[in-house]
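Engineer: heads up, no residue letters with this:
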């Protein structure tokens, strides 16, 4: 057997395993019917901006471990990074924070590099919102067995 081929195969396996482990979540995705999109599977203190269009349908997807409990929260903005011991990522949302929904990640994903569980939530952006209106969203769930905050996504009109 060719030693170069064996070494290359081993390196590819090691790199793909570590890449998959890095995308273990939890994550948050925004997909608007107008074509605007923002997402990340890596917990961090980022706030991803996205443009929202009045009357469009938005699908939010929370990613994480299969059957993980999750919570989704909202605020008018997200400009901080508060690290909490024992949690991955950090709280990005500014006060006051409002709980939106909670549940279990029961849907499975065929994507091998994505976290294995997810849940989709849909809402319609209310028509007539004035320009400059925004909402920041952030979730918390288990990713690779670790409780973590997702990135925040802020939709602005």
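Structural biologist: It's in. The model shown is predicted, which means the values in this text are computed figures rather than measured ones.
Engineer: CA only for contacts and neighbour counts going forward, please
Structural biologist: Fine.
Engineer: Quick one: neighbours of the spatially closest residue to residue 31 that is not a sequence neighbour, just the number.
Structural biologist: Nearest residue to residue 31 in three dimensions, chain neighbours excluded: residue 37, at 4.6 Å (CA to CA, 6 or more residues apart in numbering). The local packing of residue 37 (other CA atoms under 10 Å) involves 20 other residues.
Engineer: Identify the residues contacting residue 37.
Structural biologist: By CA atoms under 8 Å, 6 or more residues apart in numbering, the residues touching residue 37 are 29, 30, 31, 50.
Engineer: was I right about the second one contacting residue 57?
Structural biologist: No: with contact defined as CA atoms under 8 Å, residue 30 does not count as touching residue 57 (10.4 Å).
Engineer: quick one, which of the two is more surrounded?
Structural biologist: residue 30 (25 against 17).
Engineer: Look up which helix or strand that one falls in, please.
Structural biologist: Following DSSP states H and E, one finds residue 30 within strand 27-32.
Engineer: could you point out which element follows that strand?
Structural biologist: strand 37-40.
Engineer: Give me the contact list for the helix or strand that comes right after that following strand.
Structural biologist: Per DSSP H and E, the first helix or strand lying C-terminal to strand 37-40 is strand 47-51. Strand 47-51 has contacts (CA under 8 Å, 6+ apart) with 36-39, 78-79, 92, 151-157.
Engineer: Return the members of these classed as buried.
Structural biologist: With burial judged by 16 or more other CA atoms under 10 Å, the buried subset of these is 37, 38, 39, 78, 92, 151, 152, 153, 154, 155, 156.
Engineer: Make TSV out of these and add distance to residue 123 and pLDDT.
Structural biologist: TSV is the format used below for the buried ones among the contacts of strand 47-51 (distance: CA to CA, whole Å; pLDDT from 0 to 100):
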residue	distance to residue 123	pLDDT
37	15	97
38	16	97
39	17	95
78	20	96
92	22	97
151	19	97
152	17	97
153	15	98
154	15	97
155	12	96
156	15	97
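Engineer: Tell me which two in those residues are the farthest apart.
Structural biologist: 37 and 92 (19.2 Å; CA to CA).
Engineer: Can you check what angle separates the strand holding residue 30 from strand 47-51?
Structural biologist: 10 degrees (axes from the mean of the first three to the mean of the last three CA atoms, to 10 degrees).
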